[in-house]
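**Q** Return a 3D structure for these sequence lines:
(one chain, ligands or ions: 1)
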Amino acid sequence: MSQELSFDLIFESANEALFVVDARNACVVDANKRAGNYTGRSPAELRGVRFADLFDAPLPLRLEEHDTRHSEVLLTSSGPGPLPCEMTVRPAIRSDRPVHFVMLRDASRHKRAMKDLKLRNEAMASVTSGVTICDARHSELPLIYVNPGFERITGYSASESLGHNCRFLQGNDRDQEGLTVLRSALKDGKPCKVRLRNYRKDGSMFWNELHISPVHGEDGELTHYVGIQIDVTERVLDRRRLEASEELKTRFIRMVSHEFRTPMTGLRASAAFLKDYGPALTSEKRERHFLNIEKALNRMNRLLDDVLFSSRSDAGEIPFEPVTLDLKAFCEEVVEEVHAIHADDRVVFTAAFPNGTRFLADPALLNHILHNLLSNAIKYSNPEKPVWFRAGEADGRLLMVVEDEGIGIPLADQDRLFAPFQRAGNVGTVKGTGLGLYIVQRSAERHGGAVRFDSEPGRGSRFVVDLPAKAAEGGNP
Ligand code: ADP
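**A** Coordinates of the predicted model:
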């Protein structure tokens with residue numbers, strides 16, 4: 001086969017559009033069938049046409065400048081729009097004439113693929129979930145792609161993450177059930193969904209709901225894993241809060257029913273006694289039953305007060321209405337009430353400020369604070385021991401200290417004592433709801449103050465309420 005003939009064969013059967021362009025006048029000398037398809041003109045029609053006129057836009061380079069580089073050109077086509085092509089130019093000699101040998105390859109498919117890819121990249125960038133791809137052909141399963149969602153959730157940038165196994169999100173928290181499930185799925189090349197405690201770059205924990213799907217190549221070989229990460233921390237916390245509040249509700253109902261039953265039983269008994277034997281009883285006995293009824297009602301009333309306070313406090317509805325109070329007189333009154341309720345007179349009150357000193361405070365909240373602390377001191381100590389109650393002012397703070405020599409509070413219980421329904425392990429048969437200290441704390445906080453305590457089991461406890469001492473206008477401090 002002659003050289004010319006074999007050239008013609010290749011020329012005609014090529015998949016690309018081929019042109020032979022005269023180097024001197026830049027006109028087409030020859031074109032193949034594919035060139036005809038691309039341009040919508042026959043090879044015969046193309047001959048003699050200025051090559052540059054075949055394009056929608058000026059060529060980026062003159063043909064002789066082209067060397068062997070590719071450039072992108074827009075060929076005027078028979079179709080609805082110009083055809084993007086990749087152009088390669090080679091100088092040659094044909095029939096003793098210097099020519100350019102030009103090859104155009106349809107780049108529209110490639111262009112479309114690139115556009116698709118760009119769209120997908122943009123989609124990946126806009127999803128809030130984390131999307132990762134790791135290389136399953138490498139035993140370390142290194143990350144080869146992370147989207148911006150992953151960067152947002154974890155705080156790690158792509159450059160910090162790529163090339164590493166995802167386990168850097170685990171920190172030292174490796175003993176998790178989800179990890180066992182994940183490991184076994186990875187071993188078997190199976191998809192899985194797990195919930196893991198993961199750690200952001202700043203060390204904070206988040207709950208990661210991770211979906212893993214294996215990706216297989218054409219030959220069925222496992223090549224990649226695609227991971228979708230969703231930060232479900234809020235969802236997990238919401239569920240926990242709900243569970244905790246459900247639990248509180250259950251404890252609450254149990255406690256209230258239990259606590260109400262005791263005074264109600266006494267009340268019913270005394271009422272029945274008075275009804276059946278009233279006229280026959282001595283006045284002394286009658287009096288005792290009436291007193292019992294009164295005590296039971298008082299107790300139920302306080303219980304209702306506490307319950308109401310707690311539920312309003314949980315809802316953030318506790319009003320704070322400070323008024324001018326003569327604090328010493330106020331405290332003395334509370335001590336008297338507490339003595340009456342407990343049929344006890346062990347509280348020794350001292351005020352380290354002059355009579356008539358006035359403070360701004362909310363009387364209802366202060367009443368809650370002192371009633372609960374003094375009642376506890378009485379309840380949890382031996383009737384022979386005194387209860388000390390001191391009020392004073394120091395460094396602009398109003399300090400109220402209630403101290404007893406009672407059973408004290410075991411160390412193990414001290415941390416949780418201000419939470420609702422918490423009672424220490426050493427209360428024995430002493431009645432209580434575990435709401436008192438919670439109410440004390442909330443009431444102090446409502447004043448912008450705090451309550452703290454120290455206690456030694458078997459020796460006693462000291463509670464200190466520390467409030468900002470806002471003197472009433474015209475008052476002494
Ligand atoms: P309760 O109704 O059980 O007295 P509180 O909320 O007032 O509830 O107190 C919570 C728990 O703290 C009590 O059950 C008790 O275990 C402990 N506590 C409170 N005050 C004293 C105290 N002065 N001495 C010993 N234990 C106390």
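
**Q** all contacts plus neighbour counts: C-alpha atoms, from now on.
**A** OK.

**Q** Residues touching stretch 420-440, excluding its own?
**A** 251-252, 255-256, 259, 306-307, 309-310, 368-370, 372-373, 379-380, 407, 409-410, 413-414, 416-419, 451 (Cα atoms under 8 Å, 6 or more residues apart in numbering).

**Q** Let's see that with 7 Å instead.
**A** 255, 306, 310, 368-369, 372, 379, 409-410, 413, 416-419 (Cα atoms under 7 Å, 6 or more residues apart in numbering).

**Q** Stretch 58-67 now?
**A** When contacts are defined by Cα under 7 Å, 6+ apart, stretch 58-67 is touched by residues 52, 73, 89-90.

**Q** Now tabulate the contacts of stretch 420-440 in a markdown table and tack on distance to Glu64.
**A** As requested, the contacts of stretch 420-440 are exported to a markdown table (distance: Cα to Cα, whole Å):
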| residue | distance to Glu64 |
| --- | --- |
| Met255 | 96 |
| Asp306 | 96 |
| Ser310 | 90 |
| His368 | 97 |
| Ile369 | 97 |
| Asn372 | 99 |
| Lys379 | 106 |
| Ile409 | 97 |
| Pro410 | 95 |
| Asp413 | 91 |
| Arg416 | 87 |
| Leu417 | 90 |
| Phe418 | 88 |
| Ala419 | 87 |
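
**Q** okay, who's weakest in those by pLDDT?
**A** Scanning these for pLDDT, the low point is Met255. It has 80.

**Q** Is it correct that Ala272 falls within a helix?
**A** Yes. Counting by DSSP: H, G, I helix; E, B strand; the rest coil, Ala272 is found in a helix.

**Q** Could you report the neighbour count for it?
**A** Using other Cα atoms under 10 Å, Ala272 has 13 neighbouring residues.

**Q** And for Ser213?
**A** The tally of other residues near Ser213 (other Cα under 10 Å) stands at 18.

**Q** ditto for Phe389
**A** There are 24 residues near Phe389, going by other Cα under 10 Å.

**Q** who are the neighbours in contact with Phe260?
**A** Contacts of Phe260 (Cα under 7 Å, 6+ apart): Met300.

**Q** again, only this time at 10 Å
**A** 296, 299-301, 303-304 (Cα atoms under 10 Å, 6 or more residues apart in numbering).

**Q** ok, back up a step: so which of the contacts of stretch 58-67 reach the ligand?
**A** For the ligand, no contacts are drawn from these by Cα under 6 Å from any ligand atom.

**Q** List just the nearest of those residues to Leu291.
**A** Minimum distance to Leu291 across these is 105.6 Å, recorded for Val73 (Cα to Cα).

**Q** element containing the closest one?
**A** Using DSSP states H and E, Val73 falls within strand 70-75.

**Q** before we move on, back to that, take the contacts of Phe260 and keep only those in strands.
**A** Of the contacts of Phe260, none are assigned to strands by DSSP state E.

**Q** and those residues, which are buried?
**A** Neighbour-count burial (16 or more other Cα atoms under 10 Å) is assigned, among these, to 296, 299-300, 303.

**Q** pLDDT averaged over the strand holding Val73, what's the number?
**A** Here the average pLDDT along strand 70-75 is 86.

**Q** Which positions within it qualify as buried?
**A** The neighbour-count check on strand 70-75 (16+ other Cα under 10 Å) flags 73-75 as buried.

**Q** same thing with stretch 288-307?
**A** Applying 16+ other Cα under 10 Å to stretch 288-307 flags 289-290, 292-293, 295-297, 299-300, 303, 306-307 as buried.

**Q** repeat for stretch 165-183
**A** For stretch 165-183, a neighbour-count test (16+ other Cα under 10 Å) marks 165-166, 169-170, 178-179, 182 as buried.

**Q** can you list contacts of it?
**A** With Cα under 10 Å, 6+ apart, stretch 165-183 has contacts from 132, 134-135, 139-144, 154, 156, 161, 185, 188-201, 203, 205-206, 208-212, 227.

**Q** So among those, which ones count as buried?
**A** Counted by 16+ other Cα under 10 Å, the contacts of stretch 165-183 give 132, 134-135, 141-144, 154, 156, 161, 185, 189, 191-201, 205-206, 208-212, 227 as buried.

**Q** Just checking the distance from the helix or strand Arg195 falls within to the centre of its chain.
**A** Assigned by DSSP H and E, Arg195 belongs to strand 192-199. Relative to its chain's centre, strand 192-199 lies at 14 Å (Cα atoms, centre = their mean, to the nearest Å).

**Q** what about it, average pLDDT?
**A** pLDDT averaged over strand 192-199 gives 96.

**Q** Then stretch 102-114?
**A** If you average the pLDDT values across stretch 102-114, you get 89.

**Q** just for the stretch 251-400 of the chain, where's the confidence low?
**A** By pLDDT under 70, the stretch 251-400 of the chain has no low-scoring segment.

**Q** Just give the closest residue to the closest residue to the ligand within it, not the sequence neighbours.
**A** Nearest residue of the stretch 251-400 of the chain to the ligand, counting by Cα to the nearest ligand atom: Ala377, 4.0 Å away. Spatially, and ignoring its direct neighbours in sequence, Ala377 is nearest to Asp404 (5.5 Å; Cα to Cα, 6 or more residues apart in numbering).

**Q** okay, now that neighbour: neighbour count?
**A** Counted with other Cα under 10 Å, Asp404 comes out at 25.

**Q** That one bridge partners, please.
**A** Val387, Ser461 (DSSP bridges).

**Q** ok, which stretches of the stretch 51-200 of the chain are strands?
**A** Ranges of strands within the stretch 51-200 of the chain are 70-75, 83-94, 97-106, 130-135, 143-146, 192-199, based on DSSP state E, counting those that start in this stretch.

**Q** So which residues on this protein come close to the ligand?
**A** Counting by Cα under 6 Å from any ligand atom, the chain sits next to the ligand at 372, 376-377, 380, 406-409, 417, 422-424, 427, 432-438, 461.

**Q** 5 Å - rerun?
**A** For the chain, the residues in contact with the ligand (Cα under 5 Å from any ligand atom) are 376-377, 380, 408-409, 423-424, 432-437.
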